[in-house]
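*Asks:* A structural model of the following input is requested.
(one chain, ligands or ions: 1)
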Amino acid sequence: MPGVTVRSLAAMKARGEKIIALTAYDFYTARIEALAGVHLILVGDSMQMAVLGEETTLGASLEVLLAVARSVKRGAPDTLVLGDMPFGSYQESCTLAVRNAARFLSEAGVDGVKLEGGNPRMARRVKAVVDSGIPVMGHAGLLPQFVRMDGGYRVVRREGRDELLRQCDALVEAGVFSLVLEGVEEELAREVVERVPVPVIGIGAGRWVDGQILVVSDVLGLDPGFNPKFVRKYADLHGTILTALRRYVEEVASGAFPGPENAFKGPEGGS
Ligand code: KIV
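*Replies:* Residues are numbered from 1 along each chain as shown. Alright, predicted model coming up:
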């Protein structure tokens, strides 16, 4: 798939084509996602939970995400890759937001960034970053970086309608090229899709959005204990890895590995 851009996504929405997105946190997974036909890869701060095993995304490090984003873009050069701006990297000021967003483009080589939230302060940050020439994906609905404020991860339902629409409007006004809508009741998500001109990518936002994004380790079934309603598992990587590693443990213990074909023999230049 040659060169997906922010413009491609707008064209896909106009054609009614679904936008397919996933997170990735390493070179090899990004390469497989690109081969599979994923249009957009987010180097999400969800890495803090999905890879590092923490309870929230709040500890995500800008330096780590930059290094990871660089490897993801190298694995998927023709895919639209976005860096997720971690908690604390943009809230303080527009200057900080622009400086750190620019690092994703200049150091990691990705195509844009995502920022969470659409309250007036966040909308100002988004506008400053967009005005600097950096494509921004907005993120509304359930906001993991606001988990302390919200007292948990709560799906946005009818009661939250007015605030959600206000935030989506503010983000569109600020110039986002697309919106992630997370944890939003399906009919409310449909209302957002019909209201905003930009592609809406859902996670736990039901069927009527312009595209879907999921956390790649959830899709691949890495954690058998994590089974939220909005995820469908397309593999049992936990089972596959466990079976493979048990075989490795058994074969090393029994002496079956390494075999003669794995051993170096004779002088340099021999087999
Ligand atoms: O960090 C992340 O993976 C995200 C997605 C859930 C959209 O923000």
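*Asks:* Contact partners for the residue of the chain found nearest the ligand?
*Replies:* Nearest residue of the chain to the ligand: Gly44, at 2.4 Å (C-beta to the nearest ligand atom). In this view, the C-beta of every residue, glycine as well, is placed from N, C-alpha and C. By C-beta atoms under 8 Å, 6 or more residues apart in numbering, the residues touching Gly44 are 23, 25, 50, 57, 84, 114, 215.
*Asks:* per-residue pLDDT, the nearest residue to the first one once chain neighbours are set aside?
*Replies:* What that stands for is Thr23. Among residues not flanking Thr23 along the chain, Gly44 sits closest, at 4.2 Å (C-beta to C-beta, 6 or more residues apart in numbering). Among the per-residue scores, Gly44 holds a pLDDT of 98.
*Asks:* Same check on the one 3 residues further on?
*Replies:* For Met47, the model assigns a pLDDT of 98.
*Asks:* still on that earlier bit, now the two most distant members of the contacts of Gly44.
*Replies:* Ala50 and Lys114 (15.6 Å; C-beta to C-beta).
*Asks:* Could you list the low-pLDDT ranges of the stretch 151-271 of the chain?
*Replies:* Low-confidence segments of the stretch 151-271 of the chain, defined by pLDDT under 70: 269-271.
*Asks:* That one against the ligand: which residues are in contact?
*Replies:* Proximity of the stretch 151-271 of the chain to the ligand, by C-beta under 6 Å from any ligand atom, involves residues 180, 182, 203, 213, 215.
*Asks:* Export the residues you listed as a markdown table, with columns for secondary structure, neighbour count and distance to Leu65.
*Replies:* Formatted as a markdown table, those follow (DSSP: H, G, I helix; E, B strand; the rest coil; neighbours: other C-beta atoms under 10 Å; distance: C-beta to C-beta, whole Å):
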| residue | secondary structure | neighbour count | distance to Leu65 |
| --- | --- | --- | --- |
| Val180 | strand | 27 | 16 |
| Glu182 | strand | 23 | 18 |
| Ile203 | strand | 25 | 18 |
| Ile213 | strand | 25 | 17 |
| Val215 | coil | 23 | 15 |
